[in-house]
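In: Fold the following and give me the result.
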Amino acid sequence: MEQLQKIDSLGLTDKYYELCSEYPLRVGSPIEKMPSREVLKAADGRVGIQKLKGPGTCYEVQDVPDSVLLRFIVQSRTRVETHLEVRGLKLEHVSSFATLCLAAREAAGKERPAPPYPRPEAHSLSELIEVFTKLRDLALEIDRCAQ
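Out: Just a heads-up that it's a prediction; the model follows:
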């Protein structure tokens, strides 16, 4: 509970919600094709990722400490879902940014955002890499908070 309150008090939940506001759902907006080869090329030097094998579009972040496991799952071609584990957090399960931030806001006694579980949406390769980079940086901040 204390760690969740600390995550909120440091403004980390606000950073996540601001990212979701910066890259909102945009129904009807054009979507650039983003093949994984191009994603990996665009990410080179900005955020270290590797595409995971299997169906779907899932990337694992490589340039984080061993205490952090961060994966990006691109859903419906635009929505960036996360799979986040910060080993220093005393939480019982692996989470996502959306779930973790909601729990942190509630632990701090704040109102739920609307929608309660937002995710950033990327409609271009440059937006996708920007979202990946900001989420990676946020995961690193949460890791520092957990230590």
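In: residues in contact with the closest residue to Pro24 other than its chain neighbours?
Out: Excluding the flanking residues, the one nearest Pro24 by C-beta to C-beta, 6 or more residues apart in numbering is Glu121, at 6.2 Å. Bear in mind the C-beta positions are built from the backbone N, C-alpha and C, glycine included. Residues in contact with Glu121 (C-beta atoms under 8 Å, 6 or more residues apart in numbering) are Tyr23, Pro24, Leu25, Arg26, Thr78, Arg79, Val80.
In: quick one: which helix or strand includes the third one?
Out: Secondary structure here is read from DSSP states H and E; on that basis Leu25 sits in neither a helix nor a strand.
In: pLDDT weak spots in this structure?
Out: In the predicted model of the chain, residues 1, 91-94 satisfy pLDDT under 70.
In: longest helix of it?
Out: As assigned by DSSP state H, the longest helix anywhere in the chain is helix 125-146.
In: Give the buried residues for that helix.
Out: 125, 127-132, 134-136, 138-140, 142-143, 145-146 (16 or more other C-beta atoms under 10 Å).
In: what about it, distance to the chain center?
Out: Distance of helix 125-146 from the chain centroid (C-alpha atoms, centre = their mean, to the nearest Å) equals 6 Å.
In: Kindly format the C-alpha coordinates of that helix as CSV.
Out: Provided in CSV are the C-alpha atoms of helix 125-146 (Å, rounded to 0.1, in the frame of the first residue of the first chain):
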residue,chain,number,x,y,z
LEU,A,125,5.8,4.4,-36.4
SER,A,126,7.2,7.6,-34.8
GLU,A,127,4.3,7.7,-32.3
LEU,A,128,4.8,4.0,-31.4
ILE,A,129,8.5,4.5,-30.7
GLU,A,130,7.8,7.6,-28.6
VAL,A,131,5.2,5.6,-26.6
PHE,A,132,7.6,2.7,-26.1
THR,A,133,10.4,5.1,-25.0
LYS,A,134,8.1,7.0,-22.5
LEU,A,135,6.7,3.7,-21.0
ARG,A,136,10.3,2.3,-20.6
ASP,A,137,11.4,5.5,-18.8
LEU,A,138,8.3,5.3,-16.6
ALA,A,139,9.1,1.7,-15.7
LEU,A,140,12.6,2.8,-14.7
GLU,A,141,11.1,5.5,-12.5
ILE,A,142,8.8,3.0,-10.8
ASP,A,143,11.8,0.6,-10.3
ARG,A,144,13.8,3.4,-8.6
CYS,A,145,10.7,4.1,-6.4
ALA,A,146,10.5,0.4,-5.4
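In: Thanks a lot, catch you later.
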